[in-house]
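In: what follows is a predicted protein model with its sequence.
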Amino acid sequence: MHSVRERISEANLRLLGGTSKGGVRVTCRKKFLVSFLVITLLITFVPALWAQNADKININQASVEEIAQLERVGPKYAQRIVQYREKNGPFEKPEDIMKVRGIGPKTWEINKDRITVK
């Protein structure tokens, strides 16, 4: 026979939506919190991992459409990059993209890991 204390403990546990198995108490609240934490972490970090694996763009060979895939670079700026390249020859180093009108340090910093000239 169970003591009053054990019966109250079991009743409280059932009230919280949990079970007791071999002395280990598992509640639905804990399961929910763990699931929520895992989902939150996945939502936070998976896009960052995908961004790291994004293809590099060779600004000396890429088309307007390919260059427009860079962040903060739409078709208009991509066209300027291609025109600059056609007029002045190939870019010598990736940061030379800042010589193009409208492409500044912010755009360079965001995209520097994706831009290549080789």
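Out: Good, I have the coordinates.

In: could you use CA atoms for every contact and neighbour count after this?
Out: Noted.

In: just the strands in this structure please.
Out: With DSSP state E, the ranges of strands along the chain come out as 19-21, 24-26, 57-58, 115-116.

In: and the last one, average pLDDT?
Out: Predicted confidence along strand 115-116 averages 96 (mean pLDDT).

In: equivalent analysis for the second one, please.
Out: Mean pLDDT, computed over strand 24-26, is 56.

In: and the first one, by the same measure?
Out: Within the predicted structure, the mean pLDDT of strand 19-21 is 55.

In: what's the answer for stretch 32-45, then?
Out: Average pLDDT, stretch 32-45: 84.

In: excluding its backbone neighbours, what's nearest Pro90?
Out: Take Pro90 and drop its neighbours on the chain: the residue closest to it by CA to CA, 6 or more residues apart in numbering is Asn60, 5.4 Å away.

In: go ahead and confirm the one you found touches Asp96.
Out: No: taking contacts as CA atoms under 8 Å, Asn60 lies outside contact range of Asp96: 10.9 Å.

In: more neighbours: which of these two?
Out: Ranked by neighbour count (other CA atoms under 10 Å), Asn60 and Asp96 place Asn60 first, with 20 against 14.

In: number of nearby residues for Leu42?
Out: That count, for Leu42 with other CA under 10 Å as the rule, works out to 11.

In: gap between it and Asp55?
Out: Using CA to CA, to the nearest Å, one obtains 22 Å as the distance from Leu42 to Asp55.
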